[in-house]
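Student: Give me a model of this one.
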Amino acid sequence: MNGEIENKCKKARAAACQLSLLGTKQKNDALKEIAAALDNARAHIISENKKDIDAGTKKGLSKALIERLTLDDKKINSMIDGIKQVISLPDPVGNVIEEFKRPNGLKIKKVRVPIGTIAIIYESRPNVTVDAAVLCLKAGNCVVLKGGSDAINSNMAIVSAISGAAYSKGIPQGAIEFIETTDREAVKELLSKREYIDCVIPRGGAGLINMVVENSKIPVIETGCGNCHAYVEKTADLKMAEEIVFNAKVQRPSVCNAIETLLVDGIIAKEFLPKIASRLKSASVEIRGCEKTKVILPDVKSATEDDWYTEYLDLIIAVKVVAGTDEAIEHITRYGSRHSETIITKDKKEAGKFTSQLDSAAVYVNASTRFTDGFEFGLGAEIGISTQKLHARGPMGLKELTSYKYVIHGNGQVRK
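Tutor: Numbering: from 1, shown residues only. Presented below is the predicted three-dimensional model:
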């Protein structure tokens, strides 16, 4: 790889100190320029994206992966809207989280600071290139981007537009670096650059995330895959449940916050399952059911043990009939990825049990899991959905891309 990765990591590290000192106005001015550059370059970006789509189609990528890869005017508009929302958000850098005075007179402040240099490793969603760069920049971090080979042309076009725009407004050279090589060994090499990179965030499927976690010499913030669940409890408004389940599965099946498994209380299964099955089949969703489900819906495929673990990212759903909330919680705890779960119920006690006992990053009552998203949470965009517990959890926005330090003022104190 001829030193490409090391050189780019060095440039990012060198720029990190300068970037951390920039004020909010200068960063926001750069973000405005990035938004304008994306708008001006949209025809070129869409043209380059078509090369990736054509190559992916020839390669035999699934319909879901092609959908994630595709850029059009609507998606570019969405990226621009996300940038505008990030601009409108408070800058977390320099915020005093807490302050206090010790009996010896020391005045102690806990202050937000950038993490430093962040490597983002992601797969076939070129919009991540914009989200990652914009959020890192506003939070005062340099970023080293390593996208997947399936989106190489799209990513190069985007990076060319946004980096030039940022540098034209005084952002230090090296603040946005992109690893252009498609060599599979590039990721492992990047993961060894601990002297330059402070943190790695993988964003993609279970295979990519596991590979990063297992091979990284750098601390990893794990953004997990989304084996998400909807549970229809026996007191649920069944029309509401139908709408939520359909939205959570069908509205955009290729993303991590779409549900993969539907759990239904056995008391209402005979009434609810035929209705939701008809609705799902009208959208070409393949249903894979447990034995009890197949008694009610004899024409669906049989679910295997593997189905309960699977993140389909496609128009496929596994369905299981359970004997109440406890069994639903037990199933999700065993098979889920700790991403997003929802219960549809009128019973506040059952809702409380569900939200308190499930150890997932986002737990909903009577709403679709599709809202687990930085933009929907008002964060402007997201760097990913963290499913771990250290430092950050759920949609990661500006605050989650900062750390903190203690600033202590004294007047001559020495320790005795």
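Student: which parts of stretch 273-286 are buried?
Tutor: Residues of stretch 273-286 classed as buried: Leu273, Ile276, Ala277, Arg279, Leu280, Val285 (neighbour count, 16 or more other CB atoms under 10 Å). To be clear about C-beta, it is placed using only N, CA and C from the backbone, and glycine gets the same treatment.
Student: Tell me which of the residues you listed fall in helices.
Tutor: Leu273, Ile276, Ala277, Arg279, Leu280 (DSSP state H).
Student: wait, which of the residues you listed is closest to Arg184?
Tutor: Arg184 has its nearest neighbour among those in Leu280, at 37.1 Å by CB to CB.
Student: give the contact list for the closest one.
Tutor: Val245, Phe246, Lys249, Val250, Ile287, Ile317 (CB atoms under 8 Å, 6 or more residues apart in numbering).
Student: Can you list the low-confidence ranges for the protein?
Tutor: Applying pLDDT under 70 to the chain flags residues 1-2.
Student: show me where the stretch 301-416 of the chain has helices.
Tutor: Using DSSP state H, counting those that start in this stretch, the helices of the stretch 301-416 of the chain run over 305-309, 325-335, 348-357.
Student: show me what contacts Ile115?
Tutor: By CB under 8 Å, 6+ apart, the contact set of Ile115 is Ala139, Asn141, Asp198, Cys199, Leu401, Thr402, Ser403.
Student: My read is that the fifth one contacts Asn141, right?
Tutor: Spelled out, it's Leu401. Yes. Contact criterion CB atoms under 8 Å: Leu401 and Asn141 qualify, at 5.9 Å.
Student: Common neighbours of these two, please.
Tutor: Pro114, Ile115, Ile118.
Student: I'd like those residues as CSV, with secondary structure appended.
Tutor: Formatted as CSV, the shared contacts of Leu401 and Asn141 follow (DSSP: H, G, I helix; E, B strand; the rest coil):
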residue, secondary structure
Pro114, strand
Ile115, coil
Ile118, strand
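Student: of these, closest to Leu71?
Tutor: Nearest member of the shared contacts of Leu401 and Asn141 to Leu71, counting by CB to CB, is Ile118, at 23.5 Å.
Student: My guess is the closest one contacts Tyr196. True?
Tutor: No. Between Ile118 and Tyr196 there is no contact under CB under 8 Å: 11.0 Å.
Student: who has more neighbours, the two?
Tutor: More neighbours surround Ile118 than the other of Ile118 and Tyr196, with 26 against 23 (other CB atoms under 10 Å).
Student: and that one, how far is that from Gly140?
Tutor: For Ile118, the distance to Gly140 equals 11 Å [CB to CB, to the nearest Å].
Student: Could you list every helix and strand in contact with the helix or strand Val159 falls within?
Tutor: Per DSSP states H and E: Val159 is located in helix 152-168. Packed against helix 152-168 by the contact rule (3 or more CB pairs under 8 Å, 6 or more residues apart in numbering; DSSP states H and E) you find helix 24-40, helix 42-59, helix 127-138, strand 176-178.
Student: Can you list the neighbours in contact with the first one?
Tutor: Contact partners of helix 24-40, identified using CB under 8 Å, 6+ apart, comprise 45, 76, 79-80, 83-84, 86-87, 91, 93, 130, 133-134, 137-138, 140, 158, 161-162, 164-166, 168-171.
Student: are any of those buried, and which?
Tutor: Judged by 16+ other CB under 10 Å, buried ones among the contacts of helix 24-40: 45, 76, 79-80, 83, 86-87, 91, 93, 130, 133-134, 137-138, 140, 158, 161-162, 165-166, 169, 171.
Student: To what extent is Asn247 buried, counted in neighbours?
Tutor: 18.
Student: I'd assumed it was in a helix, is it?
Tutor: Yes. Counting by three-state DSSP, Asn247 is located in a helix.
Student: ok, it - contacts?
Tutor: Ser368, Arg370.
Student: ok, now how distant is it from Ala41?
Tutor: Taking CB to CB, one finds Asn247 at 33 Å from Ala41.
Student: and the gap between the residue of the chain most remote from its centre and Asn104?
Tutor: The outermost residue of the chain relative to its centre, with distances by CA atoms, centre = their mean, is Lys416 at 48.7 Å. Applying CB to CB, the value for Lys416 to Asn104 is 9 Å.
Student: hey, where'd the strands end up in the stretch 251-400 of the chain?
Tutor: With strands called from DSSP state E, counting those that start in this stretch, the stretch 251-400 of the chain shows them at 259-265, 286-289, 301-302, 316-322, 340-344, 362-365, 385-386, 394-395.
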